[in-house]
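[1] I'll drop the sequence and a predicted model, then ask my questions.
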Amino acid sequence: MKVLLIHDEMLNSTLPVFAQAASAPRIFVFDPAFIQREGWTMKRLQFIADGVAEIADVKVFKGELASVLKMIGATSIITQATPNTPIRDWLERAGVPVEWVDEPVFAEFSGRLTRFTPYWKAIESQWFPK
Amino acid sequence: MEEIKLEKRRAERNAQIRALFPDVHGDDSVFAGGREAALSALARIDPPQYDRSRNFLDGKVTRLSPYFRHGMITLHEAASLAVQKSGARAYKLVFEFAWRDFWRRVWAKRGDAIERDLEVPKVPVGNAPLPDDILNGTTRLACMDQFVRDLRDVGYVHNHARMWFASYVIHHRKIDWKLAADWYYGELLDGDRASNHLSWQWVGSTFSSKPYIFNRENLERYTLGSLCATCEMRSRCPFDMSYESLELKLFSNHGVGA
């Protein structure tokens, strides 16, 4: 069974990944080891819980991710792509294949990332056409 | 391992989360999370007023960053609304939104390397540990101590205050920016390694062409003097000098005039 793993950067069911994984059961996991590594405060956990609580039909767990996946019979994950290495490491170590769906883009850009100003000059016209 | 039925009401849910994670520190969140709260905050943006006042601590900033960080709204939809509302007068706000995208792209490109110096620092920086007076907000500098209270009590700090604070920590106190950035990341509601760690590097000059420094005149202007007025260190303020003198004081002892 493929599940939509909702991580902490995608607490919004209007994101494209939710439509793409419309038939997949939705889960969110509070993994104590992950939370400890991130060093989050109570405020952060409560803020995240606010977001999770608004998402329909999501099953919420507290526990180690791999154990949760095993318990519910998940054999693969679909989720939103991210450069967030702690999230990537966390999911990739859970022992099941992960399908990453692109996150929404702010602007098209393929240049070198040296400084902000050249980046902004390259994308500026996408928001403010000359 | 357990399945959790999240409480519907926020106060009860906050108590539920606290009971589930008794070892996690901090007060309850004063920021409401979620898509609905994000859209409410987004509806209140005023791009022209943001442009005029954003550098002031009481300016009309959006406070959208915790929502961006958790995907509750996207940069694209916020920028679209800003442009729809204000046209060309949304330029500065969209420009600032773009910083988040830039930082994120750098993270995607460089990965965990963003947690180390990306470039050679342009001025001498230190590697001192984080002292208790920084962590506890007891430096006796009213400004810096207030910024730490904002961080710990609310989990949100005005962007200008973040820059002043990082500059103080890195350049005046010669503290290892990575130790400070890791601590800051954990305390922030909008804590994001790209925006946070790369901003610390921008201030420190390991991802910029020069260090960011400020003086008392600058801080006093954008705080309307409110913090300096009550500061017990106001007659010994370490920021009360010209930029030229600050550069000499902060950077010349090591043979770099900056």
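    Everything's here; your move.
[2] use CA for all of it now, contacts and neighbours both
    Fine.
[3] which residues of the chain fall in helices?
    Since no chain was named, I'll use chain A. For chain A, the helices defined by DSSP state H occupy A:16-20, A:32-38, A:42-53, A:65-72, A:85-92, A:116-127.
[4] that's the other chain; I wanted chain B
    So, for chain B - with DSSP H - the helices run B:10-20, B:35-43, B:47-53, B:65-69, B:75-86, B:91-110, B:132-135, B:142-149, B:159-167, B:177-187, B:193-204, B:216-222, B:243-251.
[5] now the last one: buried residues?
    What it means is helix B:243-251. Under the neighbour-count criterion of 16 or more other C-alpha atoms under 10 Å in any protein chain shown, helix B:243-251 has B:246, B:247, B:248, B:250, B:251 buried.
[6] and the most centrally placed residue in chain B, what is it in contact with?
    Nearest to the geometric centre of chain B sits residue B:162, at 3.6 Å (C-alpha atoms, centre = their mean). By C-alpha atoms under 8 Å, 6 or more residues apart in numbering or on different chains, the contact list for residue B:162 reads residue B:147.
[7] and it, how far from chain A?
    The spacing between residue B:162 and chain A, counted by C-alpha to the nearest C-alpha, to the nearest Å, is 18 Å.
[8] ditto for residue B:122
    Distance, residue B:122 to chain A, by C-alpha to the nearest C-alpha: 15 Å.
[9] over to residue B:227?
    With C-alpha to the nearest C-alpha as the criterion, residue B:227 and chain A are 26 Å apart.
[10] can you get me a residue count around residue 79?
    Reading this off chain A. Per other C-alpha atoms under 10 Å in any protein chain shown, the neighbour tally for residue A:79 reads 23.
[11] wrong chain, I was asking about chain B
    23.
[12] could I get the buried residues of helix B:243-251 as a markdown table with distance to residue B:94?
    Formatted as a markdown table, the buried residues of helix B:243-251 follow (distance: C-alpha to C-alpha, whole Å):
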| residue | distance to residue B:94 |
| --- | --- |
| B:246 | 33 |
| B:247 | 32 |
| B:248 | 36 |
| B:250 | 34 |
| B:251 | 34 |
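[13] could you report the pLDDT at the residue nearest to residue B:70 when sequence neighbours are not counted?
    Excluding its sequence neighbours, the residue lying closest to residue B:70 (C-alpha to C-alpha, 6 or more residues apart in numbering or on different chains) is residue A:9, at 4.1 Å. Looking at residue A:9, its pLDDT is 98.
[14] just give the number of residues close to residue A:9.
    20.
[15] so it makes contact with residue B:71?
    Yes: with contact defined as C-alpha atoms under 8 Å, residue A:9 and residue B:71 form a contacting pair (4.9 Å).
[16] residue ranges in chain B under the pLDDT threshold?
    Within chain B, the ranges that satisfy pLDDT under 70 run B:253-258.
[17] could you break it into its assigned domains?
    Listed domain ranges for chain B are B:25-113, B:132-254 (source: automatic domain parsing).
[18] of those domains, which is nearest residue A:105?
    Relative to residue A:105, the nearest member of those by C-alpha to C-alpha is domain B:25-113, separated by 6.9 Å.
[19] what is the end-to-end distance of that closest one?
    Criterion C-alpha to C-alpha, to the nearest Å; first-to-last residue distance in domain B:25-113 is 29 Å.
[20] what do you get for stretch A:40-60?
    One end of stretch A:40-60 to the other measures 18 Å (C-alpha to C-alpha).
[21] ok, back up a step: list the contacts for the residue nearest to residue B:70?
    Contacts of residue A:9 (C-alpha under 8 Å, 6+ apart): B:69, B:70, B:71, B:72.
[22] skipping adjacent residues, who's closest to residue 88 in space?
    Assuming you mean chain A. Distances taken as C-alpha to C-alpha, 6+ apart place residue A:82 nearest to residue A:88, at 7.3 Å, with adjacent residues excluded.
[23] looking at chain B here, not the other one
    residue A:128 (7.0 Å).
[24] the one you found: how many residues sit nearby?
    Using other C-alpha under 10 Å, residue A:128 has 13 neighbouring residues.
[25] cool, residue A:7 as well?
    Neighbour count of residue A:7, defined by other C-alpha under 10 Å: 21.
[26] next one: residue A:114
    12.
[27] any chance of the backbone angles for the residue nearest to the spatial centre of chain A?
    Chain A has residue A:7 as the residue nearest its centroid, 3.8 Å off, counting by C-alpha atoms, centre = their mean. With angles defined as degrees, to the nearest 10, residue A:7 sits at phi -100, psi -180.
[28] wait, doesn't it sit right on residue A:28?
    Yes: with contacts counted by C-alpha under 8 Å, residue A:7 reaches residue A:28, the gap being 6.6 Å.
[29] spit out the residues that contact the two alike.
    Common neighbours of residue A:7 and residue A:28, counting by C-alpha under 8 Å, 6+ apart, are absent.
[30] the residue of the stretch 51-200 of chain B found nearest chain A: neighbour count?
    At 4.1 Å from chain A, residue B:70 is the closest residue in the stretch 51-200 of chain B, using C-alpha to the nearest C-alpha. Other residues near residue B:70 come to 25 when the count uses other C-alpha under 10 Å.
[31] could you do the one 5 residues further on as well?
    With neighbours defined by other C-alpha under 10 Å, the count for residue B:75 comes to 24.
[32] ditto for the one 3 residues further on
    Residue B:78 has 21 neighbours, counted by other C-alpha under 10 Å.
[33] pull the contacting residues for the residue nearest to it when sequence neighbours are not counted.
    Spatial nearest neighbour of residue B:78, excluding adjacent residues (C-alpha to C-alpha, 6+ apart): residue B:42 at 6.8 Å. For residue B:42, the contacting residues are B:62, B:64, B:78, by C-alpha under 8 Å, 6+ apart.
[34] now do residue A:84
    For residue A:84, the residues meeting the contact criterion (C-alpha under 8 Å, 6+ apart) are B:107, B:108, B:193.
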